Structures are given as C-alpha cells and as structure tokens.
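Using only what follows, build the 3D model:
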Amino acid sequence: MAAMTDTLAAPASHLLEVKHSRFLANAAPVATPEQALEFVASVSHADATHNCWAYRIGQDYRSSDDGEPAGTAGRPILAAIDGQGYDRVAVVVTRWFGGIKLGAGGLVRAYGGAAAECLRLARREPLVEMVELELECPFDALGTVHAALAAHAAEKTSEAFVADGARLGLRLPATQAEPLRARLRDATRDRVRVAIPGSNP
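Got it, this is the predicted structure:
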C-alpha cells in the first residue's frame, strides 16, 4: 500500500537570507498543472533576479531553474516537495541577488533549503484517495442504501430511476469502497450491484 501523502492546507511563504541574497519561498496547494503554472505566474516578481519553481501532482511534475545553472534550483525545490512527503503542491522560490556568488552547491542548499523550510512550517492536510462507483438497487432498498452511503462518507454524484429501481453514481474514499460493498451485500441480501464505471460488476 502506498504511503499517505499530504498537501498544503493553505498557501505558505518563508524568507531566507544567504550572503545578502534573499530567497522568498511561496507554496500553494494545486490540483492541475494549469493551476500550478497560474500560481507560479501570480507570485513571481518581475524585479527579482530569478523565479525558480517546481510542482508535483501525482506522477506529473515539472521544475524550472529560470536562468540559474542547470539543476541548482528547480530540482532542489522538487526534492524538497518530495522529501517533505507532499503532493499536489507548487513552490516558487524567488531570488534577489545580493552581490556575492554562492556557487552551485550554495544555490542547491539555498533553493532547496528555502522550499523545505517553507513546507516544514506550513499547515498540512492529508490527501484522501477517492474512487467513483456505480450502484444499482431496487426501489425498496433505497432507504438502506442511503443510510449506508452516509455511514461510509459517500457522496452521490448522480441519480437516475430505471424500470426496476435506481442507478446512483458515487464518490467516496478508496478505503471505504469495500466496506460499503460488504454492508450493502449483507443489508440487502445481495440485491445491490456495485461497479466501477466502465467495468463489469
């Protein structure tokens, strides 16, 4: 089973100063690459020397060194996101050059350190994996079904009535899918069909 990951409960920021250069880290929860890039644009400073960034959304990730030597900014920021156990997060670290060159190692430590500290101090929120199910039941089982949905944190996304009953679309935490199936099977004497959309029950 995959380890549980977190996202940010709210946007966060952290300022770090290294040899007169200022590194401002801004982080935010994001659901899509488009949201991540919008966030990057919204917090980037035109007067800064560099606006370096990275995001992680599941298996999808990107990073940018924005003119810093390759591998010294975007990748350390991404490593900070992964190292802190975050997902669905974008981080931008903005640098205002202070006159003293830091060298490649110094840049890696500064960009990665600013991002890591920002994320370490931020409020976390556990990410819950959700699944979608389709359920078909006879009319006389609807009361039982609705009680079971509430008990298993299932949200009804659609409802249609067919000749012999109802067809419901559901969204619920992945960990609740099997317990819900078992409860409905027992409570209705196996008269409810539960399937993943597009598959055979």
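
C-alpha only now, for contacts and for neighbours.
Will do.

Which other helices and strands does the lengthiest helix in the chain contact?
Determined from DSSP state H, the single longest helix within the chain is helix 103-121. Counting contacts by 3 or more Cα pairs under 8 Å, 6 or more residues apart in numbering; DSSP states H and E, helix 103-121 packs against strand 12-18, strand 21-29, helix 74-83, strand 89-96.

Tell me which residues of that helix come out buried.
Using 16 or more other Cα atoms under 10 Å as the test for burial, helix 103-121 gives 107-119.

Nearest to Gly99 among these?
Leu107 (13.7 Å; Cα to Cα).

Please report the distance of the closest one from Asp66.
13 Å (Cα to Cα, to the nearest Å).

domains in this structure, as residue ranges please.
The chain breaks down into these domains under the TED database: 6-126, 130-195.

Show me how far the last one is from its chain's centre.
The chain centre lies 27 Å from the centre of domain 130-195; the measure is Cα atoms, centre = their mean, to the nearest Å.

Tell me how far stretch 31-49 lies from the chain's centre.
With Cα atoms, centre = their mean as the basis, stretch 31-49 stands 17 Å off its chain's centre.

C-alpha coordinates for it, PDB please?
Coordinates of the C-alpha atoms in stretch 31-49 are reproduced here as PDB (Å, rounded to 0.1, in the frame of the first residue of the first chain):
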ATOM      1  CA  ALA A  31      -4.900  20.300  -8.400                       C
ATOM      2  CA  THR A  32      -3.700  20.600 -12.000                       C
ATOM      3  CA  PRO A  33      -0.600  21.600 -14.000                       C
ATOM      4  CA  GLU A  34      -2.600  24.700 -15.200                       C
ATOM      5  CA  GLN A  35      -3.300  25.700 -11.600                       C
ATOM      6  CA  ALA A  36       0.400  25.300 -10.800                       C
ATOM      7  CA  LEU A  37       1.600  27.500 -13.600                       C
ATOM      8  CA  GLU A  38      -1.000  30.100 -12.800                       C
ATOM      9  CA  PHE A  39       0.300  30.100  -9.200                       C
ATOM     10  CA  VAL A  40       3.900  30.500 -10.500                       C
ATOM     11  CA  ALA A  41       2.900  33.500 -12.600                       C
ATOM     12  CA  SER A  42       0.900  35.100  -9.700                       C
ATOM     13  CA  VAL A  43       3.800  35.100  -7.200                       C
ATOM     14  CA  SER A  44       6.800  35.700  -9.500                       C
ATOM     15  CA  HIS A  45       8.400  39.000  -9.100                       C
ATOM     16  CA  ALA A  46       9.500  40.900 -12.200                       C
ATOM     17  CA  ASP A  47      12.200  42.800 -10.300                       C
ATOM     18  CA  ALA A  48      13.800  39.600  -9.000                       C
ATOM     19  CA  THR A  49      16.900  38.000 -10.300                       C
END
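
Okay, now the sheet partners of the helix or strand hosting Thr157, with direction.
Per DSSP states H and E, Thr157 falls inside strand 155-162. Here strand 155-162 has these sheet partners by DSSP bridges: strand 165-173 (antiparallel).
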